[in-house]
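>>> Got a predicted structure here, sequence first:
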Amino acid sequence: MTDASGDVTFSDGYVVPITGLLAFLFALMAGMSVFPALSGSPGDLVLPVIFGAASLVCLRVRSSHVTVGDDT
């Protein structure tokens, strides 16, 4: 879908819930992988950090989409 300016737009129905669920899933996986990473090698700490960063990115996308939806 595109609007008059040619930018791609999303319907309000699916972006917010999906990014919210993805953020929750990544945060859950980060929490579940912290304890094994702490007892392992220092390289094992990368996985929880990546999951945490992915969760924050999903929250950022969700909040920006909610903000754009409120402006219209």
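It's in. Everything numeric in this text was worked out from a predicted model, so none of it was measured.

>>> pLDDT on the helix or strand harbouring Thr67, on average?
Secondary structure assignment for Thr67, by DSSP states H and E: helix 46-71. The pLDDT scores in helix 46-71 average 88.

>>> Against which helices or strands is that helix packed?
Judged by 3 or more CB pairs under 8 Å, 6 or more residues apart in numbering; DSSP states H and E, the packing partners of helix 46-71 are helix 15-39. From N, CA and C alone the C-beta is placed, and that goes for glycine too.

>>> what mean pLDDT would you report for the helix it packs on?
92.

>>> what about that helix, distance to the chain center?
Distance of helix 15-39 from the chain centroid (CA atoms, centre = their mean, to the nearest Å) equals 9 Å.

>>> and the closest residue to Leu45 other than its chain neighbours, what is it in contact with?
Spatial nearest neighbour of Leu45, excluding adjacent residues (CB to CB, 6 or more residues apart in numbering): Ala37 at 4.9 Å. Ala37 sits next to 44-45, 47-48 when contact means CB atoms under 8 Å, 6 or more residues apart in numbering.

>>> residues near Asp44, how many?
Asp44 has 14 neighbouring residues, counting by other CB atoms under 10 Å.

>>> How much space separates the nearest residue to it once chain neighbours are set aside from Pro48?
Spatial nearest neighbour of Asp44, chain neighbours left out: Ala37 (4.2 Å); criterion: CB to CB, 6+ apart. Separation of Ala37 from Pro48 (CB to CB, to the nearest Å): 5 Å.

>>> Nice, that's everything, thank you.
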